[in-house]
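> here is a sequence with its predicted model. Questions after.
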Amino acid sequence: MEKKVLLSIRNITKVFPGVKALDRVSLDIKRGEVHALVGENGAGKSTLVNIISGVIQPDGGSLILDEKPYAPGNPREAQERGVGLVHQETALCPHLSVAENVFLGRMPCKAGGLIDLKKARADTSDLLKKFSTNLNPKTKVQDLSVANQQLVEIIKALSLDCRLLILDEPTSSLTESETENLFRIIDELQNRGISILYISHRLTEVFRICERISILRDGSLVKTLNTSETNEDEVICQMVGRIIGTFYPAKKGGSGEEILRVENLSGYGFRKVSFSLKKGEILGFSGLVGAGRSEVARAICGIDPLLEGQIYLHGQKVRFNTYYDAIQARVAYLTEDRKSEGLFLKMSVTANLVVTSLREIVHQYLIHREKERALAARYIEQLQIKTSGLLQKLINLSGGNQQKVVVGKWLAINPVVLFMDEPTRGIDVGAKTELHYLMRELCDRGIGIVLISSELPEIIGMCDRVIVMNEGRKAGELIGEEISEENIMRLAATQSNRIA
């Protein structure tokens, strides 16, 4: 039996200064379906979601919800009509409890107007029980994992009698087990007749849980496809407007000349880790979330304390007491959290690109503007950063172009070693491919790259060798044909395989 339409989107248009974000987009979301919305960064996904959830208003077109006109002026009006949005970065009050967040702004009251916290907790507990979780309504949100914070957002939406739940990149910060639990919850919601609009760059997930896929490109709807009648290659081609031959460049294995060697490193979150990195090589660091991968890189670079062990750079023993010491030695760490730790989002593209090269452009405490512009222009051209100009604010760039700026600012120090922590997180498939080929180009220049990634296909496709971490220890090392999903997961998840 054909499902009825819950939300009808007709000819929605939105124009921002200098760009048409949406151009007459039309699609339907049916009752009780999981509907994917995919596209490259900048394709218009966020703009459309913000219009549906009342964050912004369209410049043209109309919405019909439950066969009635729908034009929310703000998120509260959208919630009152049964539309809930769970952002990629949760929008909760960390210092308040789970129950207080669920009923924020509409706490139940006793006679006389006093807040009835007991009822709020009881109602929250009833909602939580539906998802087989032992989450305590009294727990402060700041003490919860990312996955449980996300669950609180979902519970909050359901408490408002949500009929359409929008999930924006919901698995970007989740472990495998947490992702499986989210899929179970989505299945339960669908069985109750709730519609899900699922936004994700991870096509494997899209094909697993979604019935239909709507593809946006450059602000326009390309087409809507039934998941059962298409495949990843077709969706990717429609997303980027071209055929991508392969996601990963050919492996080359490095020159054999050792750049970096560490012996018996111990720090917060890891113990007795040893490995080497060759010139022109991509060395992968894999393992489950919390295995100590990022902690090793941060300690080597002097960002976090190193408790014991030796570091050798070009055969010479070194110790980076601060990150500045590592930068001076041309060793850089590209953080996994580019928005809060890697970039100045409210500053220009130029300011972000030159921030590591101030010695080159400052003379007698004044910035030499011509040198500044020339340096920024060089990396914009070299990395093919898509920007309207040197002074465009970084916050207005797509995720993929923001990531290129992160790479560019560290290329400016002429690095010999790059630690790249989750470099393709949150960017679309086209931008991922560009970044993958850029990484191999950097290796061709003699740079050694340590790639830390939670995506096994990326580790397998990109890395010449792979170090697998397990509970803070090096569990093993894989090379060549040994680099497979089965071998990586066996080392990552089996305690007996850890190297003592």
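Received the coordinates, thanks. Bear in mind the structure is a predicted one, so any value in this text is a computation, not a measurement. Numbers count the residues shown, from 1 in each chain.

> helices and strands around the host helix or strand of residue 189, which ones?
Here residue 189 sits within helix 176-191, counting by DSSP states H and E. Counting contacts by 3 or more Cβ pairs under 8 Å, 6 or more residues apart in numbering; DSSP states H and E, helix 176-191 is packed against helix 146-159, strand 195-199, helix 203-209. All C-beta spots, glycine's among them, are computed from the backbone N, C-alpha and C.

> which residues sit against it?
32-34, 130-131, 145-147, 150-151, 154, 158, 165, 167, 170-171, 174, 196, 198, 205, 208-209, 288 (Cβ atoms under 8 Å, 6 or more residues apart in numbering).

> the same query, at a cut-off of 7 Å, please.
32, 34, 131, 147, 154, 165, 170, 171, 174, 196, 209 (Cβ atoms under 7 Å, 6 or more residues apart in numbering).

> so who does the fifth one touch?
Residues in contact with residue 154, defined by Cβ under 7 Å, 6+ apart, are 86, 165, 185.

> in a markdown table, list these along with distance to residue 388, neighbour count and pLDDT.
A markdown table is the format used below for the contacts of residue 154 (distance: Cβ to Cβ, whole Å; neighbours: other Cβ atoms under 10 Å; pLDDT from 0 to 100):
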| residue | distance to residue 388 | neighbour count | pLDDT |
| --- | --- | --- | --- |
| 86 | 31 | 20 | 84 |
| 165 | 35 | 23 | 92 |
| 185 | 40 | 20 | 86 |
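
> closest one to residue 442 out of those residues, please.
residue 86 (36.2 Å; Cβ to Cβ).

> ok, back up a step: just say which of the helices and strands packed on helix 176-191 is most tucked in.
Of those, the one with the most neighbours on average (mean count of other Cβ atoms under 10 Å) is strand 195-199, at a mean of 23.

> what are the contacting residues of that strand?
Residues contacting strand 195-199 (Cβ under 7 Å, 6+ apart): 6, 29-37, 45, 49, 163-169, 186, 189-190, 206, 209-210.

> any idea how the chain splits into domains?
Following automatic domain parsing, the chain resolves into domains at 5-240, 258-330+415-497.

> want to throw those into JSON lines with distance to residue 342?
Putting the domains of the chain into JSON lines (distance: least, Cβ to Cβ, whole Å) gives the following:
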{"stretch": "domain 5-240", "distance to residue 342": "15"}
{"stretch": "domain 258-330+415-497", "distance to residue 342": "9"}
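
> just how off-centre is the helix holding residue 189 within its chain?
19 Å (Cα atoms, centre = their mean, to the nearest Å).

> buried residues, it. List them.
Residues of helix 176-191 classed as buried by neighbour count (16 or more other Cβ atoms under 10 Å): 178, 181, 182, 183, 185, 186, 189, 190.

> do stretch 302-313 as well
Going by 16+ other Cβ under 10 Å, stretch 302-313 has these buried residues: 302, 303, 304, 306, 309, 311, 313.

> between those, which is closest to residue 473?
Once Cβ to Cβ is applied, the member of these that ends up nearest residue 473 is residue 309, at 13.2 Å.

> these two touch, right, the closest one and residue 267?
No. Judged on Cβ atoms under 7 Å, residue 309 makes no contact with residue 267 at a distance of 8.1 Å.

> check what pLDDT residue 72 gets.
For residue 72, the model assigns a pLDDT of 94.

> please name the nearest non-neighbouring residue to it.
The shortest distance from residue 72 to any non-neighbouring residue, by Cβ to Cβ, 6 or more residues apart in numbering, is to residue 54 (3.2 Å).

> from residue 36, how far off is the residue nearest the centre of the chain?
Here the mean C-alpha position of the chain is nearest to the C-alpha of residue 426 (Cα atoms, centre = their mean), at a distance of 3.1 Å. With distances taken as Cβ to Cβ, to the nearest Å, residue 426 is found 16 Å from residue 36.

> kindly report the same for residue 191.
19 Å.

> in a strand, residue 436, correct?
No. Assigned with DSSP: H, G, I helix; E, B strand; the rest coil, residue 436 falls outside any strand and is helix.

> helix or strand for the residue nearest to it when sequence neighbours are not counted, which one?
Counting by Cβ to Cβ, 6+ apart, residue 436 lies nearest to residue 248, which is 5.6 Å off, once chain neighbours are set aside. For residue 248, there is no host helix or strand (DSSP H and E).

> is residue 248 in contact with residue 464, as I believe?
No. Contact status for residue 248 versus residue 464: not in contact, 11.8 Å apart, counting by Cβ under 7 Å.

> which one of these two is surrounded by more residues?
residue 464 (20 against 17; other Cβ atoms under 10 Å).

> related to what we said a few turns ago, so who does the residue nearest to the centre of the chain touch?
169, 172, 399.

> could you find the closest non-adjacent residue to the first one?
Spatial nearest neighbour of residue 169, chain neighbours left out: residue 88 (4.1 Å); criterion: Cβ to Cβ, 6+ apart.

> enumerate every residue touching that neighbour.
168, 169, 172.

> in PyMOL, how would I select the buried members of those?
Under the burial definition 16+ other Cβ under 10 Å, those of the contacts of residue 88 that qualify are selected in PyMOL by:
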select buried, resi 168+169+172
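
> wait, which of the contacts of residue 88 is closest to residue 414?
When these are compared against residue 414 (criterion: Cβ to Cβ), the nearest one is residue 172, at 31.8 Å.

> that closest one: what secondary structure?
Strictly by three-state DSSP, residue 172 counts as coil.

> out of the domains of the chain, nearest to residue 371?
Per Cβ to Cβ, nearest to residue 371 of these: domain 258-330+415-497, 19.5 Å.

> show me the shaky parts of this structure.
1, 18, 89, 132, 173, 175, 242-245, 494-500 (pLDDT under 70).

> try 50
For the chain, the stretches with pLDDT under 50 are 496-500.

> phi, psi for the closest residue to residue 319 other than its chain neighbours please.
Sequence neighbours aside, residue 311 is the residue nearest to residue 319 in space, at 6.3 Å (criterion: Cβ to Cβ, 6+ apart). Note on residue 311: its backbone torsions stand at phi -120, psi 130 [degrees, to the nearest 10].

> wait, residue 311 sits on residue 325?
No. In this structure, residue 311 is not within contact of residue 325 by Cβ under 7 Å, at 10.8 Å.

> circling back: tabulate the helices and strands packed on helix 176-191 (CSV), appending distance to residue 278.
Compiled in CSV, those are given as follows (distance: least, Cβ to Cβ, whole Å):
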stretch, distance to residue 278
helix 146-159, 35
strand 195-199, 39
helix 203-209, 31
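
> these: which one's closest to residue 406?
Of all the helices and strands packed on helix 176-191, helix 146-159 comes closest under Cβ to Cβ, at 21.7 Å.

> in contact with residue 392, which residues?
Contacts of residue 392 by Cβ under 7 Å, 6+ apart are 348, 349.

> mind checking how far it is from residue 445?
According to Cβ to Cβ, residue 392 stands 28 Å off from residue 445.

> got it, and residue 14?
In terms of Cβ to Cβ, residue 14 sits 42 Å off from residue 445.

> neighbour count for these two, which is higher?
residue 14 (22 against 11).

> packing partners of the host helix or strand of the more buried one?
Using DSSP H and E, residue 14 falls within strand 5-16. With contacts taken as 3 or more Cβ pairs under 7 Å, 6 or more residues apart in numbering; DSSP states H and E, strand 5-16 sits against strand 19-30, helix 45-52, strand 60-65.
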